[in-house]
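Engineer: quick one, structure for this:
(chains A and B)
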2 protein chains.
Amino acid sequence: MATDETFEIAQASKLGGAHSVGLVETKTWTFEDPPLMLDCGQVLTPVTQAYETYGELSPERDNAILIFHALSGDAHVAGYHAPDDQRPGWWDTMVGPGKAFDTDKYFLICANVIGGCRGSTGPSSINPATGRPYGPDFPILTLSDMVRAQERLVTHLGIDKLLAVTGGSMGGMMALDWAVRFPDRVHAVVAIATTARITAQSIAFNEVGRQAIMSDPHWKQGDYYDGPSPESGLAVARMIGHITYLSDEQMHRKFGRRLQDRDALCYDFGTEFQVESYLRYQGNSFVRRFDANSYLYITKAIDYFDLANGHRSLVESLERAQSEFLVISFTSDWLFPAEQAKELVRALQANGLLTTFLEIMSNYGHDAFLLPNDEMSAAVSGFLTHAQKHVRDQGGRP
Amino acid sequence: MATDETFEIAQASKLGGAHSVGLVETKTWTFEDPPLMLDCGQVLTPVTQAYETYGELSPERDNAILIFHALSGDAHVAGYHAPDDQRPGWWDTMVGPGKAFDTDKYFLICANVIGGCRGSTGPSSINPATGRPYGPDFPILTLSDMVRAQERLVTHLGIDKLLAVTGGSMGGMMALDWAVRFPDRVHAVVAIATTARITAQSIAFNEVGRQAIMSDPHWKQGDYYDGPSPESGLAVARMIGHITYLSDEQMHRKFGRRLQDRDALCYDFGTEFQVESYLRYQGNSFVRRFDANSYLYITKAIDYFDLANGHRSLVESLERAQSEFLVISFTSDWLFPAEQAKELVRALQANGLLTTFLEIMSNYGHDAFLLPNDEMSAAVSGFLTHAQKHVRDQGGRP
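Structural biologist: Residues are numbered from 1 along each chain as shown, chains lettered A, B, ... in the order given. The predicted structure follows:
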């Protein structure tokens, strides 16, 4: 997500002299040994992960928070890469000095997911076996594979147990996965605009996006890196996704039925509604920063994710979890509806896990988690303060 | 619409020995003089319209009902074209002896819209000026153009004033257009799952569908009739539309998250969710019966339709209407939400027009209007009986 719109709203609400982490840079770390065993049975090696960190790790190493990004996100959560950058990282409203994820208190980490195209190993990376980009030979990934790769990074950074894992949308699904996969390595979970498994309708939207990419003749069964990219298909996929990130009410307020150029009783194919030109812009700008194969692999991983996979129920799947949970949903989010968050909360509570649930009134649809929201900020800030106090009261490491 | 799913449900609920209009055939009628002046200022001539009729026109010519079809529909509303036809017309559950649109009482007419591809003049028709298919030279159409073409047909059939006009979705929009354009030529309006103007979100979905078609290299700026058709793009457009016709709950009940072939913790790109193969099937079967250019022209006409165009408000736009109205919406229809129907009803009532509004509880989304529904049938049947009685009590012609 991280659309122009979210950016504009975020900018508009930014206070003068906003607290920013300032200039940051993306680092990379590569591991080979032991190689990463994927859920599909294949091995991925070497594995490079692009990541950023903000704030300082405490001497006790008890203040680290891992942020998982969403489908189209990357490691660049906050701050700027250059003094003349036009926009900050995708969650700059939430991460910085004095913000909800307070960089004066916490050490924040975010890594680009494997399978992605923003610095971590993915389908566009060079396959060491051939010296050419993986393309369709890239192994099938699950969200759990991506999580396990990041567990290596956390270990590499010298952190035994995280204060928290967090994320919105797909990032929230990964945070839940961490909570059941590494229960003794995280104290608190902040899961926002997310679910234990997406709906059939969301799978359907993802599938149509994939069909758009795969029917683009430039896709060439995924083997397109020495020629033009399947940009048209990827743009259509992005436009579909974009509609699902917004609420109808928000679209109506933003665009209404206004025409781009003129008011016409009769159209021609050159006349556009504002919403049309907006979508085309979104689609076209996305293809400049995202790889079509990554879109295929990551959406498929999202579709297949189900926390209850291999268990008899969602409740059973959460039996191993030991963390405290803050679950946040937004009223107008029809892609990750509040009802799903409530189902998750009931399953957490059925396991006796301390769980706070907050359903925030918002007209911004799924994208609400990317926008400034005082309720969200206050809830996250309070929850983390409590979690850190809890950890430190226990004495020693969390 | 008229999907496999709606067909299956309709079939399943069909009573043994269902009342059918039996074998029917599509007729065509062509007019040239005076030529049809389009809203865009161009002339379309000649104009052929494919149409079907059911039941008998009364000697008083006071029992005729014009049905407008939806985006992907056609003139074949009820009955069968051949004894071995696998399926009847798209509204067979509503049209037939003893049904809501009772062919023992009424004379039903339905014509394929101009701009379409099911027998009426459209972009795939031969342009008399060139001897080749119109393609992108086909003039821009509005829903009102389609309505005015059908007014010619109604006149040709010897009908001065219709007992009713009706339609669902786009068909309902055309019924509303008739009501304000030819107020003295219709007594009653049955507008189902429709609106005076679609939402920004619906425009957005239509636009992405058009982008999918226009970015298919086979589209060739619309000039593809001597080569392969842009089937991939049209299939993607249809898949997008199809998701919007269903409710999430219905998708969940029908498909859940079930895999097509096997239960897998790890997917491969050959594994599919049932919802995926269903959508692919829908997309692929649609391209065999629909023309991509017609899809572009008709969706654009839907997007631009606004009953209030040229007026200061929706209320003002309805000032000329004289009919009685039955407006029906469905609770789970998120493409044409009930709130829009209520806005229409308020505007009708503000004009002192006798208006009945029925919001039907349904889980079937927008497609609900195509499915058997006792409440809808009873409401339509009662409304038409009342309308006919009213007309005949007035004596003479309606």
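
Engineer: tally of neighbours for A:Met214?
Structural biologist: Counted with other Cβ atoms under 10 Å in any protein chain shown, residues neighbouring A:Met214 total 18. Backbone N, C-alpha and C define where each C-beta goes, glycine included.

Engineer: what pLDDT does it get?
Structural biologist: For A:Met214, the pLDDT comes out at 95.

Engineer: these two touch, right, it and A:Asn293?
Structural biologist: No. Look at A:Met214 against A:Asn293 with Cβ atoms under 8 Å: they stay out of range, at 10.2 Å.

Engineer: which ones are touching the residue nearest to A:Tyr51 when sequence neighbours are not counted?
Structural biologist: Of all residues not flanking A:Tyr51 in the chain, A:Ala111 sits nearest, at 3.8 Å (Cβ to Cβ, 6 or more residues apart in numbering or on different chains). Taking Cβ atoms under 8 Å, 6 or more residues apart in numbering or on different chains, we find A:Ala111 in contact with A:49-51, A:75, A:120, A:149-150, A:153.

Engineer: next step: those residues restricted to strands.
Structural biologist: Members of the contacts of A:Ala111 lying in strands (criterion: DSSP state E): A:49-51.

Engineer: so A:Ala75 versus A:Gly116, what's the distance?
Structural biologist: Here A:Ala75 is placed at a distance of 9 Å from A:Gly116 (Cβ to Cβ, to the nearest Å).

Engineer: A:Ala378: neighbour count?
Structural biologist: 12.

Engineer: can you tell me the SS state at it?
Structural biologist: helix (DSSP: H, G, I helix; E, B strand; the rest coil).

Engineer: and A:Arg253, by the same measure?
Structural biologist: A:Arg253 ends up helix, using three-state DSSP.

Engineer: so for it, what pLDDT did the model give?
Structural biologist: 85.

Engineer: equivalent analysis for A:Glu276, please.
Structural biologist: As predicted, A:Glu276 sits at a pLDDT of 86.

Engineer: list the buried residues for the host helix or strand of it?
Structural biologist: In the assignment (DSSP states H and E), A:Glu276 maps to helix A:274-286. Across helix A:274-286, burial judged by 16 or more other Cβ atoms under 10 Å in any protein chain shown covers A:274-276, A:278-280, A:282-283, A:286.

Engineer: so which residues of the stretch 101-250 of chain A form strands?
Structural biologist: Here the stretch 101-250 of chain A has its strands, by DSSP state E, counting those that start in this stretch, at A:101-102, A:107-111, A:126-127, A:132-133, A:162-168, A:186-192.

Engineer: what angle do strand A:162-168 and the second one make with each other?
Structural biologist: Computed with axes from the mean of the first three to the mean of the last three Cα atoms, to 10 degrees, the direction of strand A:107-111 lies at 50 degrees from that of strand A:162-168.

Engineer: list the strands paired with strand A:107-111, with their directions.
Structural biologist: Applying DSSP bridges to the sheet, strand A:107-111 is found paired with strand A:47-54 (antiparallel), strand A:64-68 (parallel).

Engineer: try the first one
Structural biologist: Using DSSP bridges, the strands paired with strand A:101-102 in its sheet are strand A:95-96 (parallel).

Engineer: for the partner strand, what is the distance to the chain centroid?
Structural biologist: Taking Cα atoms, centre = their mean, to the nearest Å, the mean C-alpha location of strand A:95-96 is offset from the chain mean by 16 Å.

Engineer: run through who's touching that strand.
Structural biologist: Applying Cβ under 8 Å, 6+ apart, the contact partners of strand A:95-96 are A:18-21, A:54, A:67, A:77-79, A:89, A:101-103, A:108.

Engineer: among the residues you listed, show me the least confident.
Structural biologist: A:Ala18 (56).

Engineer: let me know whether A:Glu249 touches A:Ser332 as I believe.
Structural biologist: Yes. The criterion here is Cβ under 8 Å, and A:Glu249 meets it with A:Ser332 at 6.5 Å.

Engineer: what residues are shared contacts of these two?
Structural biologist: Common neighbours of A:Glu249 and A:Ser332 (criterion: Cβ under 8 Å, 6+ apart): A:Asn363.

Engineer: of these two, who's got more company?
Structural biologist: Between A:Glu249 and A:Ser332, A:Ser332 has the larger neighbour count (other Cβ under 10 Å), namely 20 against 15.

Engineer: how much space between that one and B:Asp333?
Structural biologist: Distance, A:Ser332 to B:Asp333, using Cβ to Cβ: 18 Å.

Engineer: cool, and A:Thr194?
Structural biologist: In terms of Cβ to Cβ, A:Thr194 sits 27 Å off from B:Asp333.

Engineer: ok, the two, which is more surrounded?
Structural biologist: Between A:Thr194 and B:Asp333, A:Thr194 has the larger neighbour count (other Cβ under 10 Å), namely 29 against 26.

Engineer: residues contacting that one?
Structural biologist: For A:Thr194, the contact set (Cβ under 8 Å, 6+ apart) comprises A:167-173, A:175-176, A:327, A:336, A:341.

Engineer: count of neighbours near the nearest residue to it once chain neighbours are set aside?
Structural biologist: The shortest distance from A:Thr194 to any non-neighbouring residue, by Cβ to Cβ, 6+ apart, is to A:Gly172 (2.6 Å). The number of residues packed near A:Gly172 is 29, by other Cβ under 10 Å.

Engineer: residue contacts, A:Gly172?
Structural biologist: By Cβ under 8 Å, 6+ apart, the residues touching A:Gly172 are A:68, A:166, A:191-195.

Engineer: chain B: which of those residues is nearest?
Structural biologist: Distances from chain B to these, taken as Cβ to the nearest Cβ, are shortest for A:Thr195 (11.5 Å).

Engineer: which residue is the nearest non-sequential neighbour of the closest one?
Structural biologist: A:Thr195 sits nearest to A:Gln340 (Cβ to Cβ, 6+ apart), 4.1 Å away.

Engineer: quick check: which element contains that neighbour?
Structural biologist: Going by DSSP H and E, A:Gln340 is in helix A:338-350.

Engineer: tell me the angle of that helix relative to strand A:186-192?
Structural biologist: With the same axes, to 10 degrees as the basis, helix A:338-350 and strand A:186-192 are set at 160 degrees to each other.

Engineer: what residues does stretch A:30-50 touch?
Structural biologist: Applying Cβ under 8 Å, 6+ apart, the external contacts of stretch A:30-50 come out as A:26-29, A:74-75, A:111-112, A:114, A:118-121, A:125, A:128, A:139-142, A:144-145, A:148-150, A:152-153, A:156, B:265-266, B:268.

Engineer: now, those that are in helices?
Structural biologist: With helices taken from DSSP state H, the overlap with the contacts of stretch A:30-50 comprises A:144-145, A:148-150, A:152-153, A:156.

Engineer: switch those over to CSV; also include neighbour count.
Structural biologist: Output for these, formatted as CSV (neighbours: other Cβ atoms under 10 Å in any protein chain shown):
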residue, neighbour count
A:Ser144, 23
A:Asp145, 25
A:Arg148, 20
A:Ala149, 23
A:Gln150, 24
A:Arg152, 16
A:Leu153, 18
A:His156, 12
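
Engineer: then stretch A:357-371 to CSV, C-alphas only?
Structural biologist: Extracted in CSV, the C-alpha atoms of stretch A:357-371 (Å, rounded to 0.1, in the frame of the first residue of the first chain):
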residue,chain,number,x,y,z
PHE,A,357,-8.8,-5.4,21.1
LEU,A,358,-9.5,-2.0,19.6
GLU,A,359,-11.8,-1.4,16.7
ILE,A,360,-11.2,2.1,15.4
MET,A,361,-13.8,4.1,13.6
SER,A,362,-12.3,5.2,10.4
ASN,A,363,-13.4,5.9,6.8
TYR,A,364,-10.1,5.1,5.3
GLY,A,365,-10.6,1.4,4.6
HIS,A,366,-7.7,-1.0,4.8
ASP,A,367,-5.2,1.8,4.2
ALA,A,368,-6.2,3.3,7.6
PHE,A,369,-3.3,1.5,9.3
LEU,A,370,-0.8,3.5,7.2
LEU,A,371,-2.4,6.9,8.1
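
Engineer: good, wrapping up.
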